[in-house]
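Engineer: Next one to model:
(4 chains)
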Protein chains: 4
Amino acid sequence: MKIAIIGGGSSYTPELIEGIIERYERLKVNEIWLVDIKEGEEKLKIIANLTKRMINKFFLPIKVFSTLNHQEAIDGADFVINQIRVGGLVSREKDETIPIKYKTIGQETTGAGGFANALRTIPVVLKIAKIIEKTAKKATLINFTNPAGIITETLLNYTDINTIGLCNVPINMIYEISEIARCKPEELFCKFAGLNHLSFISQVLLKGKDITGEIIEAEEREIVKNIKKIKKEISISGLYNIIPSPYLSYYFFRNKMLEEESNKIPRAREVMKIEKKLFEKYSNENLNEKPQELSQRGGSRYSLVAISLIDSIYNDKRDIHVINIKNNGAIKDLPDNSVVETNAIVGRNGITPLSYGELPITLKGLIQQVKYYEILTIEAAIEKNYNKALKALTTHPLIGDVEIAKNILDDILYANKDFIPEMR
Amino acid sequence: MKIAIIGGGSSYTPELIEGIIERYERLKVNEIWLVDIKEGEEKLKIIANLTKRMINKFFLPIKVFSTLNHQEAIDGADFVINQIRVGGLVSREKDETIPIKYKTIGQETTGAGGFANALRTIPVVLKIAKIIEKTAKKATLINFTNPAGIITETLLNYTDINTIGLCNVPINMIYEISEIARCKPEELFCKFAGLNHLSFISQVLLKGKDITGEIIEAEEREIVKNIKKIKKEISISGLYNIIPSPYLSYYFFRNKMLEEESNKIPRAREVMKIEKKLFEKYSNENLNEKPQELSQRGGSRYSLVAISLIDSIYNDKRDIHVINIKNNGAIKDLPDNSVVETNAIVGRNGITPLSYGELPITLKGLIQQVKYYEILTIEAAIEKNYNKALKALTTHPLIGDVEIAKNILDDILYANKDFIPEMR
Amino acid sequence: MKIAIIGGGSSYTPELIEGIIERYERLKVNEIWLVDIKEGEEKLKIIANLTKRMINKFFLPIKVFSTLNHQEAIDGADFVINQIRVGGLVSREKDETIPIKYKTIGQETTGAGGFANALRTIPVVLKIAKIIEKTAKKATLINFTNPAGIITETLLNYTDINTIGLCNVPINMIYEISEIARCKPEELFCKFAGLNHLSFISQVLLKGKDITGEIIEAEEREIVKNIKKIKKEISISGLYNIIPSPYLSYYFFRNKMLEEESNKIPRAREVMKIEKKLFEKYSNENLNEKPQELSQRGGSRYSLVAISLIDSIYNDKRDIHVINIKNNGAIKDLPDNSVVETNAIVGRNGITPLSYGELPITLKGLIQQVKYYEILTIEAAIEKNYNKALKALTTHPLIGDVEIAKNILDDILYANKDFIPEMR
Amino acid sequence: MKIAIIGGGSSYTPELIEGIIERYERLKVNEIWLVDIKEGEEKLKIIANLTKRMINKFFLPIKVFSTLNHQEAIDGADFVINQIRVGGLVSREKDETIPIKYKTIGQETTGAGGFANALRTIPVVLKIAKIIEKTAKKATLINFTNPAGIITETLLNYTDINTIGLCNVPINMIYEISEIARCKPEELFCKFAGLNHLSFISQVLLKGKDITGEIIEAEEREIVKNIKKIKKEISISGLYNIIPSPYLSYYFFRNKMLEEESNKIPRAREVMKIEKKLFEKYSNENLNEKPQELSQRGGSRYSLVAISLIDSIYNDKRDIHVINIKNNGAIKDLPDNSVVETNAIVGRNGITPLSYGELPITLKGLIQQVKYYEILTIEAAIEKNYNKALKALTTHPLIGDVEIAKNILDDILYANKDFIPEMR
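Structural biologist: This is a model prediction of the structure:
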């Protein structure tokens, strides 16, 4: 088995490597290929060396390669993991700050920040897709690159690649619930629906018992994880009778979230500092394991979701994962060919969503509106169509205003002119 | 033929009376019943006297009655026209000012203002409906009372009354287009879709020629009518390839509209002044026609839509009107049993919407979201359910934030405690 | 205005000409072009001469042309009327007899007979369509050629021509009802749904009064018109609470109808005799009007539907006709892009179906099944795909059996080898 | 764990008991309750004794009870297995013979035979359901009673019982395919869609490889199992690109199947003979295992599907079964609340169908039509509505003719007057 990691120089990579090592008994990986762009060459080298030390520690017969040549890395791979960040943290900082100028949320995946990220990333991902189509037709592409929902939908609707979109938010929600319920995560069945970074759990079952109510009660007292911590007066868990993805706060507490964001240094800057320290650690030739500090980086259980998914496919486990997948009627209120985040059966024989049914009317409109924004954003990026981009951004429920949208769009296009192709 | 006018003491009534007089040849009205509540007794008297003078001027054999007894007014009516305003202009002022406190649009029908209006109006309308069900089962109820979409949906889904929702915005849009096209309004076919105060024209045909493009070009240079006049940098006509209802500005230019609203005296106050003057005029015993000043009041062509609709029903004309009607699949993306504003055939044999098809993806989400807000608002009002009211208001695309929604809701409930039944 | 009549040598043509003459005040026709194929040259001449005599009788300034050149006839036409019969009555006789060999109904439009007719006709109609696309792009094509539903769907889905499918069955049903109700046909509103030769009336309104029940009671005592008269023990009017097209008997009384058909001389033969006599009449140089004998031919009110449709378009009447039109959501249970027979508004500004809603569950399956048969038949004809043709025929609810379908299909292909292109 | 078997005196019971014994390690059953009606008392005794001997052979601590009191048997059960046959084999013989009189297929579940069976069974099953609702609210009811699709839909739509419909046809299809593919059945993923006794496999995956084509090729040479063996000229596997349930032959080869049926002694008679011999065997006090002769009875792998389903629920396995379950959008073309036969995840936490998507247009109409027949049949049985029963039977694609339907219906009602409540 050959695994290619696009964006291999990422600080996240040791997380993945640790996962591969831990499951080696079930997943006999022969080759790991790390590939990155010229600008990331140095980081790539550091990661490749650390990777080799980690593998050697356990005397595993896995060969590690690093290269700047995507074709070489991808050629004949069984699994390709995509974790690139187009424009790096410098661009991310712009995504986080431009929208705030116009009093709307700027976030890596949500709102106008995610929109800019999508416009930068779609053309690059489509180029990588071309290479996969040519040299690793049968590979499964696991996409982590944000905005993960949009990127996965682009790949599934505009290429022939067998793509699965992953995110660590659902697994973290499940783990959080398992702590509340004092059970193992795998004993739970959490019914998920929605879109990436806009999903929720409508039902939690523990060994046949519906414990949704108990979990919601407990959640009402919890503070959301991963994203900005704000004081909230109302629990949307209680009000909507769901366990929400923490990202729903960007919608339901948009004013408070915006205020917080406006008063903090951008997350990109924090991450730059963390990354600097991490790479210093990684460079230490005595280090042969994932350092604890990586957990601050934000991608907790990132490896777990990726490697357990590969395990299910490779060993044909046919168990349930929460992934980004073509809807195909699973969620009634969303287009069939659009990508949703929901429960699906994963085996060597492919992936199939569980039938979900209708969304609650209280959440349906928000999710539909974001989905239409996503579809329009993909089309705008591919057609390089300025007016469509403007309509996409206006459609986003955090924007809504066409004049504001135009100002933000123009700022984004100017600030990203090295990455976003010119629009007509 | 007997016509009952609920809210007969309204300053709009002379408009209706003029219409009845003008079409008398086609519509042999025998009795007009004006009914109002105790608080409106004096106005009712003034209007009734003016009405009699107007009719006498043309020596028409129409009997005019005025009463405070709804049952007497409605009993055996062929047409009931509902134009009540629950809480009057005093409440309207609150609708217009409370939301602005929380930096969201407060408007008679749109946003949190329309929401408060709905909560006040639904219980009253349902009481009137009970009387109609009992004493005028076969009557057609023509509803003008705002929020007209929500009130019509309430009547169609929660009573057995044959209801048609009317608004003068569509007819004004058609007249405006006819001026641009230099043709008679009836020569045009304007394809309408959406909800009341959230509709648009996707196609304009003039004698078989598609002139949509020309009209849009002309519209791009026009200033919207009826609502606040703001300077806009972008034309949504041009961007979306539609002729929008002026009310769409509340969504697409929400920031500018809010700014304008925040800096003006509330429309309710202006209307109070206009009404004061109007009723002085109306009291003049020499006046026997609709005074010109009424046009400032805002309901232009109000009479035209009402009386031409009655004409189509009574004389079985089976021609096309733009009305609020059960969707029944006409607009694919909206629930079957929800009320939409679209083209429909009207005859004595009932009303049927023309099949519209799909909404454009650029507008679909906004319209769906508002529809879900409407459905939830009606349910909240009928169930007197505080949490549902909170979710309804949060669902509104101009609110979105659950904490803001809660603050507004609490203010609305406090300010309207004489009209809105207590919620649990 | 120029009208081109394809299949102008048909015995039906004088019917059309009479209609044009009668409405001349409203429809100022300048030119009538009659076109036919070489084999029909003689008939064409007879018809052309009769046409001229009919027009001269009223001293109307309409020029009449006849030609074998389709391009010349169609060039610049405003309306093209298609009434060809590919393979003539000789082929029709085969359509009526082959299926009976296998104990299934053979009929011009229904069952395997209509299927053979479709396979013969689709390629010819597509050739004519090419000429219209090139030389009369803006023309409205009125299609009478059977199977009218299938041919109209072919034209609407596989060409760019503005096509309306017509049939005289609905108008005859309306007239029949008007006789029962003792009113004028135009006073009625009959709510139609279904497919051509598979439609029904679910509601009859007379000046605002629902008289469906009375009509159904009367219908229960009636004998169906136009098609074979059989004695029936059960009224499907009463059972299904509809007024059915007489063609529904082919489905609901399939056994009795088959028995009758098996014991009669084929309708094609009868028609041959009638036509022979008709053309003898037509040749009489003293004849200058439509002879009464034409009524035996079967196309009663054929002219009425065609010319009143042209009137509505030309004079922008926007009144309701029952036509074959793209569904576009009007009937919920049938595909959007498939052709249905239902009420539609017709004006110069185009045609739009009235929204119908759901079919009753008792009839839905039959109509869906026939629609799928139609879609598959069109695809089979266009792709020249033997297996698809076999599946199409098996899908037909009057066949169902794949072995029987194969036998019939092979017989049809052999008997029609001069008309149906070879299949793979 | 307590298991109650309704119709415990059935000759199939030893099959179930064997399954329970084999899985005892995973399923610690404490009590088995066999219950039957008075008429089956003797058989029940024989079965109960055999059951005890079978369990004693393995020294298992399972208590066996037999009773004529349903309430006692069901009270507190974890699983209730329903395998009753209302009217016994005597009624089945009528189901198989009456329709043939009218030249339509008479079969236990398909056609008019299944219809009669449904009318007899629905009232009895609803009575049993009442007892379960009262005394074993949390039990899972596993229904084998035919027509299994109709009975399961009745239970799911008209009672509150957690019901799963089972049939041994899908598992037998999977085993047959595994023999062709020379693999273990559990290595396959077979994508099922349709209704009970009207389902098909559209895709076969073996360890990630799509082997549908190979299986279809092999199937083309096979003879269908379980039902009448007829010589067929055409393979519907090849033509439709599916692996069909053998029951599809009743539709696609309806003529040949009917001919065969007409010339054979009814299956009910054969079964009577088999049963007689079986019970003689069962009575032998030395017998302490399932006798081989049971395999002739027809329910092969009956136990496997039931007990492995209980295993998945009890041990929360969340693996894929082919069951009869509420559609809930899984198959796009069928009503949400109707029962379909498709792949579903089964765990202690409930059952969820995999999202299937659209049915192929070549099979969709047949399946929809049968579904509508099923819905109407259930309604007719519950409402005791003669006209609805007549429409139900007419809707069945093997009948179609309303006069034939009436004759059959009248015969059925007369012949089953002891079981089917009088209809109005």
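
Engineer: switch to C-alpha atoms for all contacts and neighbour counts from now on
Structural biologist: Noted.

Engineer: could you pull out the strands for the stretch 151-300 of chain A?
Structural biologist: With DSSP state E, counting those that start in this stretch as the criterion, the stretch 151-300 of chain A has strands at A:162-165, A:188-195, A:198-206, A:209-210, A:243-244.

Engineer: The last one pairs with which strands?
Structural biologist: So that's strand A:243-244. Take DSSP bridges as the rule and strand A:243-244 pairs in its sheet with strand A:198-206 (antiparallel).

Engineer: List the contacts of the partner strand.
Structural biologist: The contact list for strand A:198-206 (Cα atoms under 8 Å, 6 or more residues apart in numbering or on different chains) reads A:187-194, A:210-212, A:215, A:241-245, A:247-248, A:341, A:367, D:349.

Engineer: Can you tell me which of the strands of the stretch 151-300 of chain A is nearest to C:I150?
Structural biologist: The closest of the strands of the stretch 151-300 of chain A to C:I150 is strand A:162-165. By Cα to Cα, the value is 38.8 Å.

Engineer: Check which helices and strands that closest one is in contact with.
Structural biologist: Where contact means 3 or more Cα pairs under 8 Å, 6 or more residues apart in numbering or on different chains; DSSP states H and E, strand A:162-165 is packed against strand A:140-143, helix A:148-158, strand A:319-326.

Engineer: nearest to D:V90, of those?
Structural biologist: So among the helices and strands packed on strand A:162-165, strand A:319-326 is nearest, using Cα to Cα, at 46.0 Å.

Engineer: Which residues of the stretch 301-424 of chain A lie near chain D?
Structural biologist: Residues of the stretch 301-424 of chain A found near chain D (Cα under 8 Å from any Cα of the partner chain) are A:316, A:318-319, A:328-330, A:332, A:347-350, A:352-357.

Engineer: 10 Å instead, please
Structural biologist: By the rule Cα under 10 Å from any Cα of the partner chain, the part of the stretch 301-424 of chain A lying against chain D is A:313-320, A:327-332, A:336, A:343-345, A:347-350, A:352-358.

Engineer: What's the ChimeraX syntax to select whichever of those are buried?
Structural biologist: Buried residues within these, by 16 or more other Cα atoms under 10 Å in any protein chain shown, are selected in ChimeraX with:
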select /A:313,314,316,317,318,319,320,327,328,329,330,331,332,343,344,345,347,348,349,350,352,353,354,355,356,357
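
Engineer: among the residues of the stretch 301-424 of chain A next to chain D, which are in helices?
Structural biologist: Counting by DSSP state H, the part of those found in helices is A:I313, A:Y314.

Engineer: May I see the strands of the stretch 151-300 of chain A arranged in TSV, with mean pLDDT and distance to A:S235 as well?
Structural biologist: Output for these, formatted as TSV (pLDDT from 0 to 100; distance: least, Cα to Cα, whole Å):
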stretch	mean pLDDT	distance to A:S235
strand A:162-165	97	29
strand A:188-195	97	19
strand A:198-206	96	14
strand A:209-210	92	20
strand A:243-244	94	10
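
Engineer: Same list, these, but as JSON lines with distance to B:V29 and mean neighbour count please.
Structural biologist: Shown next, in JSON lines, are the strands of the stretch 151-300 of chain A (distance: least, Cα to Cα, whole Å; neighbours: other Cα atoms under 10 Å in any protein chain shown):
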{"stretch": "strand A:162-165", "distance to B:V29": "67", "mean neighbour count": "24"}
{"stretch": "strand A:188-195", "distance to B:V29": "56", "mean neighbour count": "24"}
{"stretch": "strand A:198-206", "distance to B:V29": "57", "mean neighbour count": "21"}
{"stretch": "strand A:209-210", "distance to B:V29": "63", "mean neighbour count": "14"}
{"stretch": "strand A:243-244", "distance to B:V29": "59", "mean neighbour count": "26"}
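
Engineer: got the ones you listed as a markdown table, with distance to D:I201 columns?
Structural biologist: Converted to a markdown table, those look like this (distance: least, Cα to Cα, whole Å):
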| stretch | distance to D:I201 |
| --- | --- |
| strand A:162-165 | 23 |
| strand A:188-195 | 27 |
| strand A:198-206 | 31 |
| strand A:209-210 | 33 |
| strand A:243-244 | 37 |
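
Engineer: which one is the residue in the stretch 1-150 of chain A positioned nearest to chain C nearest to, not counting chain neighbours?
Structural biologist: When scored by Cα to the nearest Cα, the stretch 1-150 of chain A has A:I150 as its residue closest to chain C, at 28.4 Å. Closest residue to A:I150 apart from its sequence neighbours, by Cα to Cα, 6 or more residues apart in numbering or on different chains: A:E374 at 6.0 Å.

Engineer: For that neighbour, which residues are in contact?
Structural biologist: Applying Cα atoms under 10 Å, 6 or more residues apart in numbering or on different chains, we find A:E374 in contact with A:115, A:118, A:147, A:149-151, A:153-154, A:338-339, A:368, A:380, A:392-393, A:395-396.

Engineer: do A:S10 as well
Structural biologist: A:S10 sits next to A:L34, A:V35, A:D36, A:G40, A:K43, A:L44, A:I47, A:Q83, A:I84, A:R85, A:E275, A:F279 when contact means Cα under 10 Å, 6+ apart.

Engineer: Quick check: strands, which of the residues you listed are part of them?
Structural biologist: Members of the contacts of A:S10 lying in strands (criterion: DSSP state E): A:L34, A:V35.

Engineer: What's the ChimeraX line that selects buried ones from the contacts of A:S10?
Structural biologist: Selection of buried members from those for ChimeraX, criterion 16+ other Cα under 10 Å:
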select /A:34,35,36,40,43,44,47,83,84,85,275
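
Engineer: Would you format the contacts of A:S10 as JSON lines with pLDDT and distance to A:K101 included?
Structural biologist: Formatted as JSON lines, the contacts of A:S10 follow (pLDDT from 0 to 100; distance: Cα to Cα, whole Å):
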{"residue": "A:L34", "pLDDT": "98", "distance to A:K101": "38"}
{"residue": "A:V35", "pLDDT": "98", "distance to A:K101": "36"}
{"residue": "A:D36", "pLDDT": "98", "distance to A:K101": "33"}
{"residue": "A:G40", "pLDDT": "95", "distance to A:K101": "30"}
{"residue": "A:K43", "pLDDT": "97", "distance to A:K101": "33"}
{"residue": "A:L44", "pLDDT": "98", "distance to A:K101": "35"}
{"residue": "A:I47", "pLDDT": "97", "distance to A:K101": "37"}
{"residue": "A:Q83", "pLDDT": "96", "distance to A:K101": "29"}
{"residue": "A:I84", "pLDDT": "97", "distance to A:K101": "27"}
{"residue": "A:R85", "pLDDT": "96", "distance to A:K101": "23"}
{"residue": "A:E275", "pLDDT": "93", "distance to A:K101": "27"}
{"residue": "A:F279", "pLDDT": "96", "distance to A:K101": "32"}
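
Engineer: from the contacts of A:S10, which ones fall inside helices?
Structural biologist: The helices, defined by DSSP H, take in A:K43, A:L44, A:I47, A:E275, A:F279 from the contacts of A:S10.

Engineer: per-residue confidence for A:Q296?
Structural biologist: Looking at A:Q296, its pLDDT reads 73.

Engineer: meant to ask about A:K228
Structural biologist: For A:K228, the pLDDT comes out at 55.

Engineer: buried ones in stretch A:392-410?
Structural biologist: So for stretch A:392-410, counting by 16+ other Cα under 10 Å, buried means A:392-406, A:408-409.

Engineer: scratch that, stretch A:254-267
Structural biologist: A:R254, A:N255, A:K256, A:M257, A:L258, A:E261, A:S262, A:P266, A:R267.

Engineer: A:E187 - how many residues pack around it?
Structural biologist: Per other Cα atoms under 10 Å in any protein chain shown, the neighbour tally for A:E187 reads 14.

Engineer: Tell me the spacing between it and A:L309.
Structural biologist: Computed as Cα to Cα, to the nearest Å, the A:E187 to A:L309 distance reads 17 Å.

Engineer: Could you do A:L206 as well?
Structural biologist: For A:L206, the distance to A:L309 equals 22 Å [Cα to Cα].

Engineer: Next: A:K417.
Structural biologist: A:K417 is 36 Å from A:L309, by Cα to Cα.
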